[in-house]
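Asks: below: sequence and its predicted model.
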Amino acid sequence: MRWDAQQYARFSGDRARPFHDLLARVGATDPGVVVDVGCGTGELTATLARRWPGARVRGIDPSAQMLGRAPADAGVEFSPGTAEGFDATGVDVVVSNAVLQWVPGHRELLRRWAGQLPAGGWLAFQVPSNFEAPSHRLMRELAASAPWRERLAGVLRGAESVDTPAGYLDLLAGEGLVAEVWSTEHLHVLPGEDPVLEWVRGTGLRPVLAALTAGEAEAFTARYAALLREAYPARPYGTPFPFLRTFAVARRG
C-alpha cells in the first residue's frame with residue numbers, strides 16, 4: 001500500500017496531539033540516541049531533535065512517499081526501515097506513534113525492544129483503540145457485504161489489532177520495565193465536507209482502496225460516506241469525531 005502524505009497531512013494538527021501527549025510523559029533528560037519508529041513525514045520527529053539537541057535523533061519509516069516530505073534541516077537522520085527490522089540495542093529513547101496497530105506481531109516486537117533497552121532507556125508508544133467505533137465498524141460491515149465481500153475478504157482487521165491497556169501493562173512490566181499505561185479519547189472537531197471519510201482515507205481506509213479497482217473504490221467510498229454522515233452528524237461548528245487511543249511509557253530501571 002502507498003501512503004499519501006498530502007492526504008495524511010490534511011489533519012496534521014489533530015494527528016499531532018497524541019504524539020505530544022505521549023512525549024510529555026517521557027522523562028529522559030540527556031539521551032544519547034533517540035529513534036522514532038514509523039516517523040512518517042518527520043515533522044514530529046523534528047521536535048525530538050529540538051527537545052534533546054545533544055542526542056543523535058533518527059527517524060525510520062518504510063514509506064518512500066512519507067520520507068520524501070521529511071524536513072532536510074531538522075537535525076534528524078531519516079532512513080527507510082520497518083518496525084519489524086528495528087533493533088533497539090543502545091537506543092536511549094524509542095518512540096512509536098500510531099504505528100504498531102499495522103504490525104500483527106507487535107506484542108512480540110515490544111518484548112524484543114524491551115529486552116534490548118539499556119539501563120535507563122525509555123520506550124513510548126501510542127496506538128488507536130477505536131476499532132469498535134462507527135468509523136471502523138461500518139467500514140468492516142460494508143466490506144463484508146455484497147458486492148465487495150469477495151474482493152475484501154481478510155483485508156481489514158478489528159480490535160485484535162491492538163491490546164488493552166491492561167494487556168500492555170502486563171507485557172511491559174513482565175519484561176522488567178516500570179510502565180505507565182493509559183487511554184485518552186480525543187474529541188476532534190473536523191472541518192469540511194465528509195471530514196471523517198477524509199480522515200480515514202489517509203489511514204484505515206487505505207487497505208480497502210488498495211484492494212479495489214478505481215470504479216469499485218468510488219462506489220465503496222460513496223456508500224461509506226453516507227454511513228459516516230449518519231454516524232457522525234455535522235454541527236454548525238464542524239463534525240465531532242471521538243477517537244480513543246492507548247498510550248504507554250515505560251523505562252528500564
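Replies: Arrived safely, thanks for sending. Residues are numbered from 1 along each chain as shown.
Asks: going forward, measure contacts and count neighbours with C-alpha atoms only.
Replies: Noted.
Asks: any low-confidence regions in the stretch 1-150 of the chain?
Replies: Low-confidence segments of the stretch 1-150 of the chain (pLDDT under 70): 1-6, 8-9.
Asks: now do the strands in it.
Replies: 33-37, 56-61, 76-80, 93-97, 122-128 (DSSP state E, counting those that start in this stretch).
Asks: same list, those strands, but as JSON lines with mean neighbour count please.
Replies: Shown next, in JSON lines, are the strands of the stretch 1-150 of the chain (neighbours: other CA atoms under 10 Å):
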{"stretch": "strand 33-37", "mean neighbour count": "24"}
{"stretch": "strand 56-61", "mean neighbour count": "23"}
{"stretch": "strand 76-80", "mean neighbour count": "19"}
{"stretch": "strand 93-97", "mean neighbour count": "23"}
{"stretch": "strand 122-128", "mean neighbour count": "24"}
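Asks: mind putting these into a markdown table with distance to Trp113?
Replies: As requested, those are exported to a markdown table (distance: least, CA to CA, whole Å):
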| stretch | distance to Trp113 |
| --- | --- |
| strand 33-37 | 11 |
| strand 56-61 | 15 |
| strand 76-80 | 19 |
| strand 93-97 | 9 |
| strand 122-128 | 8 |
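Asks: select, out of the ones you listed, the one closest to Ala46.
Replies: Closest to Ala46 of the strands of the stretch 1-150 of the chain, according to CA to CA: strand 76-80, at 6.5 Å.
Asks: direction included, what does the closest one pair against?
Replies: According to DSSP bridges, strand 76-80 forms sheet pairs with strand 56-61 (parallel).
Asks: can you list contacts of the strand it pairs with?
Replies: If you take CA atoms under 8 Å, 6 or more residues apart in numbering as the criterion, strand 56-61 is touched by 32-40, 42, 45, 48-49, 67, 75-83.
Asks: ok, now stretch 212-224?
Replies: Leu138, Met139, Leu142, Arg151, Leu152, Leu197, Val208, Leu209.
Asks: distance of the fourth one relative to His186?
Replies: For Arg151, the distance to His186 equals 33 Å [CA to CA, to the nearest Å].
Asks: so what's the nearest residue to Glu132 once chain neighbours are set aside up against?
Replies: Leaving aside its chain neighbours, Glu132 sits nearest to Ala159 (6.8 Å; criterion: CA to CA, 6 or more residues apart in numbering). Contacts for Ala159 (CA under 8 Å, 6+ apart) come out as Ser129, Asn130, Phe131, Glu132.
Asks: quick check: phi and psi at Ala159.
Replies: phi -60, psi -20 (degrees, to the nearest 10).
Asks: gap between Val93 and Pro31?
Replies: With distances taken as CA to CA, Val93 is found 7 Å from Pro31.
Asks: mind listing what Leu156 touches?
Replies: Leu156 makes contacts with Arg140, Pro207, Val208, as judged by CA under 8 Å, 6+ apart.
Asks: quick check, pLDDT for it.
Replies: Listed pLDDT for Leu156 reads 92.
Asks: how close does it sit to Pro62?
Replies: Counting by CA to CA - Leu156 and Pro62 are separated by 20 Å.
Asks: if we can go back for a sec, give me the buried entries from the contacts of stretch 212-224.
Replies: Leu138, Met139, Leu142, Arg151, Leu152, Leu197, Val208, Leu209 (16 or more other CA atoms under 10 Å).
Asks: name the nearest residue to the second one, ignoring sequence neighbours.
Replies: Computed as CA to CA, 6+ apart, the closest residue to Met139 that is not its neighbour in sequence is Tyr224, at 6.9 Å.
Asks: do the fifth one as well
Replies: The shortest distance from Leu152 to any non-neighbouring residue, by CA to CA, 6+ apart, is to Ala143 (5.9 Å).
Asks: hang on, that neighbour packs against Arg137?
Replies: No - checked against CA atoms under 8 Å, the pair Ala143 and Arg137 is beyond contact range at 9.9 Å.
Asks: those two: which is more packed in?
Replies: Neighbour count, other CA atoms under 10 Å: between Ala143 and Arg137, Ala143 has more, with 22 against 15.
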